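J.: coords please:
(one chain, ligands or ions: 2)
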Amino acid sequence: MDNCIFCKIANKDIPGKIIYEDDVCLAFLDLSQATYGHTLVIPKKHFANILEADDETVAHLFVVAKKLSASIMSNCHANGLNILTNTDEVAGQSVYHFHIHILPRYDKEELTIEFTDHSNQTNLDEVYEKIMK
Ligand code: 5GP
Ligand code: ZN
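T.: Residues are numbered from 1 along each chain as shown. Ligands and ions are numbered 1, 2, ... in the order given. Reported below is the predicted structural model:
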């Protein structure tokens, strides 16, 4: 897609530190390096986000992300990792080409992904009914 930075990396129009490539996807180092070894896995074909991508592509990307995670963790001596994909602005998506973040973790303070407990304000029965309807 025109003007998509990740399409340009996939097409090799602009450089990226590519650590893995196959027919469907490629993985390259995230410029920001939110944590040491921060890597993105993207489909070569343009999809705006995970919900737009077809199931086969999503499945393939997560399997590749899993395999790369193991080697990144081992080679970077990480103690754990987060795998996530941001979908839309409110969730922190800034590049609208589906991508999976691999974030190797070394300590708890280096990155904030905070799950605040809202259980005292949320009626689980109501949530369940809404999702199941
Ligand atoms: P998002 O916020 O959409 O989930 O993640 C986009 C990520 O892409 C960010 O972590 C950002 O650092 C990374 N990024 C943006 N532009 C480039 C680029 O041109 N090259 C690389 N390697 N990463 C980029
Ligand atoms: Zn794109």
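J.: pLDDT (mean, whole number) over the helix ranked longest in the chain?
T.: Longest helix in the chain, counting residues (DSSP state H): helix 55-76. Mean pLDDT, helix 55-76: 98.
J.: So for this protein, the centremost residue is which one?
T.: I100 (1.9 Å; Cα atoms, centre = their mean).
J.: That residue bridge partners, please.
T.: Partner residues in beta bridges with I100, using DSSP bridges, are V41.
J.: Pull up the gap between it and ligand 1, please.
T.: 9 Å (Cβ to the nearest ligand atom, to the nearest Å). Just so you know, the C-beta spots here come from the backbone N, C-alpha and C atoms, and that holds for glycine as well.
J.: My read is that that residue contacts N86, right?
T.: No - using Cβ atoms under 8 Å, I100 is not in contact with N86, being 9.7 Å away.
J.: Could you pull up the contacting residues of L68?
T.: Going by Cβ atoms under 8 Å, 6 or more residues apart in numbering, L68 touches I19, Y20, A27, T39, V41, I102.
J.: quick one: the second one from T35, how far?
T.: Taking Cβ to Cβ, to the nearest Å as the measure, Y20 and T35 are separated by 18 Å.
J.: same check, this time on the third one
T.: In this view, A27 and T35 are 15 Å apart by Cβ to Cβ.
J.: Same check on the fifth one?
T.: Plainly put, V41 is 15 Å away from T35 if you go by Cβ to Cβ.
J.: A27 and T35: who's more crowded?
T.: Higher neighbour count among A27 and T35: A27, with 24 against 21, using other Cβ atoms under 10 Å.
J.: check whether the host helix or strand of the more buried one contacts ligand 1.
T.: Assigned by DSSP states H and E, A27 belongs to strand 25-29. Yes - judged by Cβ under 6 Å from any ligand atom, strand 25-29 comes into contact with ligand 1 through F28, L29.
J.: Just list what that strand packs against, helices and strands only.
T.: Counting contacts by 3 or more Cβ pairs under 8 Å, 6 or more residues apart in numbering; DSSP states H and E, strand 25-29 packs against helix 5-10, strand 18-21, strand 39-43, helix 55-76.
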